[in-house]
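Visitor: Structure, please.
(2 chains)
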Amino acid sequence: MKHACKRVSQLTSESFDRELSLAEKLQLKFHFTICGLCRSYHQSLTTMSSIFAHIREQDLKQDIHMPAEAKQRIQSVLAKEK
Amino acid sequence: MTDKHINPELWLKEHGDYLYRYALSRLHEAELAADIVQETLLAAWRGHERFNGDSTLRTWLVGIMKHKIIDHIRKEIRQRKISVSLESDPTSMHFSENGSWQHSPSAWRDNPEALCDNQEFRQVLQKCLSHLPEKQRRVFEMRELAGDDSESICNAYDITPTHLHVLMHRARLALQICLQKHWLGGKGKL
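Guide: Prediction:
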């Protein structure tokens, strides 16, 4: 299996962005049974993806407000437009 | 929409901060984010007859804003000619000729939530993100930090899904290596 890990690392990444085909899923599954490094890589990307999901959640809860002067400016633009 | 709800100043009051946060998480510049909120509310006001009440007002406003953000990114890409070339493959150096690993990924078993609350880790993560090439970083952040779907990102950056997957793969591998080196290996040393 030439270029196996290189190709598998690309597929591993894609599995976080799209639904893999059945053949691709089997290819990954099989490769993971024989390759500890790719298995670790998959594990670390899974952790990374949870980290970003958690940051997204935190960001949404953050209490960020639009600066008052920007709000005022928009307010007057809208008032003129009405 | 009942008449008393057709009031863009009220929209600003009720949804302005939400829209601002939405734009800011994708554009990262306060002034720009406020400008996009203004454009969005103006466009919504001018087209308010098209709001049919199938969705909530906020969802409708966000829908308009998404297009404004995509338009903005497209314009910026054209003006600054941010390179979209995929010619040289930066991941090659982490694999040998026959495609096996040159780098040894270690499995991360850290608790993601605990890591997120760790300020030192967050700084290392920021640093690692900032080392990515600009285009790659922006695409990656739009996907992972803003949580946008592939279609909007491809649209904004005018790339194919295949191209997007290649950029995401390169970004993930670079981040994996950077984090492993500076956090998991060297605990916070960057």
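Visitor: And the host helix or strand of A:K6, what does it pack against?
Guide: Taking DSSP states H and E as the definition, A:K6 sits inside helix A:4-14. Applying 3 or more Cβ pairs under 8 Å, 6 or more residues apart in numbering or on different chains; DSSP states H and E, we find helix A:4-14 packed against helix A:22-34, helix A:36-61, helix B:161-179. Just so you know, the C-beta spots here come from the backbone N, C-alpha and C atoms, and that holds for glycine as well.
Visitor: Deepest in the core, which of those is it.
Guide: helix B:161-179 (a mean of 20; mean count of other Cβ atoms under 10 Å in any protein chain shown).
Visitor: can you list contacts of that one?
Guide: Contact with helix B:161-179 is made by A:9-10, A:13-14, A:16-18, A:41, A:44-45, A:48, B:84, B:86, B:89-91, B:94, B:103, B:105, B:124-125, B:127-129, B:131-132, B:135-137, B:139-140, B:143, B:150, B:153-154, B:157, B:159, as judged by Cβ atoms under 8 Å, 6 or more residues apart in numbering or on different chains.
Visitor: before we move on, what about stretch B:109-128?
Guide: Outside stretch B:109-128, the residues touching it (Cβ under 8 Å, 6+ apart) are A:43, A:47, A:50-51, A:53-55, A:58, B:174-175, B:178-179, B:182-184, B:188, B:190.
Visitor: if we can go back for a sec, residues of the helix holding A:K6 that come out buried?
Guide: Judged by neighbour count (16 or more other Cβ atoms under 10 Å in any protein chain shown), helix A:4-14 contains these buried residues: A:A4, A:C5, A:K6, A:V8, A:S9, A:Q10, A:L11, A:T12, A:S13, A:E14.
Visitor: Where does confidence bottom out across the residues you listed?
Guide: Taking the buried residues of helix A:4-14 together, the minimum pLDDT is found at A:A4 (91).
Visitor: Surely that residue and B:W101 touch.
Guide: No: counting by Cβ atoms under 8 Å, A:A4 stays clear of B:W101, with 10.0 Å between them.
Visitor: Angles on the backbone of the residue lying closest to B:A23 once chain neighbours are set aside, please.
Guide: In this structure, B:A23 finds its nearest non-sequential neighbour in B:A33, 3.9 Å apart by Cβ to Cβ, 6 or more residues apart in numbering or on different chains. Here is the backbone geometry of B:A33 (degrees, to the nearest 10): phi -60, psi -40.
Visitor: how close does B:A33 sit to B:E49?
Guide: Applying Cβ to Cβ, to the nearest Å, the value for B:A33 to B:E49 is 27 Å.
Visitor: gap between the residue most central in space within chain A and chain B?
Guide: Nearest to the geometric centre of chain A sits A:S49, at 5.5 Å (Cα atoms, centre = their mean). Distance of A:S49 to chain B, given as Cβ to the nearest Cβ, to the nearest Å: 8 Å.
Visitor: Mind listing what's buried along the host helix or strand of B:D35?
Guide: Assignment of secondary structure by DSSP H and E places B:D35 within helix B:30-46. By neighbour count on 16+ other Cβ under 10 Å, the buried set for helix B:30-46 is B:32-42, B:44-45.
Visitor: Closest one of those residues to chain A?
Guide: Taking Cβ to the nearest Cβ as the measure, B:A34 is the one of these closest to chain A, at 3.7 Å.
Visitor: thought the closest one was touching A:M66?
Guide: Yes: counting by Cβ under 8 Å, B:A34 touches A:M66, with 5.9 Å between them.
Visitor: what residues are shared contacts of the two?
Guide: What both B:A34 and A:M66 touch, as defined by Cβ under 8 Å, 6+ apart, is the set B:Y20.
Visitor: B:S25 versus B:F51, what's the distance?
Guide: 24 Å.
Visitor: who's more crowded, these two?
Guide: B:S25 (20 against 17; other Cβ atoms under 10 Å in any protein chain shown).
Visitor: Just the pLDDT at that one, thanks.
Guide: pLDDT recorded at B:S25 is 85.
Visitor: That one is in contact with B:D148, isn't it?
Guide: No: using Cβ under 8 Å, B:S25 is not in contact with B:D148, being 9.7 Å away.
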